[in-house]
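> below are the sequence and a predicted model; questions follow.
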Amino acid sequence: MSVPGSGGLRRPRIMLLLLVVIFAAPFAVSWYLFNFTQVGRDSGSQSHGQLVAPPRPLPEVSLYDIGGRQEAGILRSRWSLLFLISGPCERSCVEALDRLRQLRLALGRHSDRVQRVLVVYGRFPPELPAALTKDYPGQMLVAGSAVDGHQAGYNFRLFDGDTPLRAGRVYLVDPMGNLMLAWPAGIDPAGIIADLRRLLRYSGAG
C-alpha cells in the first residue's frame, strides 16, 4: 500500500540530492584528474605538493579583510592559499606573504579565482592589519579569536608529531573549504605554480 503523497515527498529529496551532486562534481572531478591521472601532465611530471587524501574539511571560520571587515564563509568562495603563524609576522612570514602575492600574480587569468589568507593563531599584533593594507593589498586575515593552536595541529597536521605552526608550509584549500594540498617550506615556487595552473585548468570551481 502506498502512502498518499509519498511521491511528492520523494521529489524534493531527489532534487536536493541532484543539486548536491551537481555542486560537488567539479571539485571531485578536478581532484581525481589532478591526483590519479596524467591529464594535463608532461611526461614524467608529478604533483610538487603533498596530497591530503581524502580532502579534509576545515571548520567554518570568520575571516577579516585588511580593513577589518568580517566575511564569514570566505573559505567556501574561492581557492585559498594559506600560510600559518602564531604571533608577530616576522621574517619568514614576510617572505611567505611576498611568495603568496607572486604566486597569485603568476596565475594570470586564473588569479581572480585564488585568494591569499594569513592564518594567525592567537592574538595578532594590532599593527598587522595596517602593515598589510600598505604592503599587501587583498591579503586576508583569520581572526585571532576564531582559532587556537590545538585546532591548528589537528586541522593541518600531515603526519603524527607534525607541528604545522612551525612548518612554514603553504596550504591549498578548495572552494568547498577542503584542505587539498600542502607545499613544504623552501619549495621552488615554479612547482607550486605548475600545480595550481594544472588544477585550475581542469576545475570549473571557484
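Perfect, I can see it now.
> which regions of the protein sit below the pLDDT cut-off?
Applying pLDDT under 70 to the chain flags the ranges 1-45, 61-72, 143-153, 204-206.
> can you show me the CA trace of the helix or strand containing Lys134 as PDB?
Using DSSP states H and E, the element containing Lys134 is helix 128-135. Listed in PDB are the C-alpha atoms of helix 128-135, where the atom choice follows Å, rounded to 0.1, in the frame of the first residue of the first chain:
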ATOM      1  CA  LEU A 128      49.500  43.900  11.400                       C
ATOM      2  CA  PRO A 129      46.300  45.000   9.500                       C
ATOM      3  CA  ALA A 130      47.800  48.400   8.800                       C
ATOM      4  CA  ALA A 131      51.000  46.900   7.600                       C
ATOM      5  CA  LEU A 132      49.100  44.500   5.300                       C
ATOM      6  CA  THR A 133      47.000  47.400   4.000                       C
ATOM      7  CA  LYS A 134      50.100  49.200   2.900                       C
ATOM      8  CA  ASP A 135      52.200  46.400   1.600                       C
END
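> strand partners (parallel or antiparallel) of the helix or strand just after that helix?
Proceeding N to C from helix 128-135, the next assigned helix or strand is strand 140-142, under DSSP H and E. The strands that strand 140-142 pairs with in its sheet are strand 62-65 (antiparallel), strand 114-120 (parallel) (by DSSP bridges).
> ok and the last one relative to helix 128-135, angle-wise?
This means strand 114-120. Put simply, strand 114-120 runs at 150 degrees to helix 128-135, going by axes from the mean of the first three to the mean of the last three C-alpha atoms, to 10 degrees.
> got the CA coordinates for strand 114-120 in PDB?
Provided in PDB are the C-alpha atoms of strand 114-120 (Å, rounded to 0.1, in the frame of the first residue of the first chain):
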ATOM      1  CA  VAL A 114      42.600  32.400  -5.800                       C
ATOM      2  CA  GLN A 115      42.900  34.400  -2.600                       C
ATOM      3  CA  ARG A 116      45.700  34.700  -0.100                       C
ATOM      4  CA  VAL A 117      45.000  34.000   3.600                       C
ATOM      5  CA  LEU A 118      47.300  34.600   6.500                       C
ATOM      6  CA  VAL A 119      46.100  32.400   9.400                       C
ATOM      7  CA  VAL A 120      47.200  33.900  12.800                       C
END
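> which outside residues touch it?
For strand 114-120, contacts defined as C-beta atoms under 8 Å, 6 or more residues apart in numbering pick out 63, 74-75, 77-87, 89, 93, 97, 100-101, 104, 107, 128, 132, 136, 138-142, 144, 147, 152, 173, 196, 200, 206. Any C-beta I mention is one placed from the backbone N, CA and C, and that applies to glycine too.
> just the buried ones from those residues, in PyMOL syntax?
Listed next is the PyMOL selection for buried residues among those, using 16 or more other C-beta atoms under 10 Å:
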select buried, resi 63+74+75+78+79+80+81+82+83+84+85+86+89+93+97+100+101+104+107+128+132+136+139+140+141+142+144+147+152+173+196+200+206
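> mind listing the helices for the protein?
6-36, 91-106, 128-135, 149-156, 164-167, 189-201 (DSSP state H).
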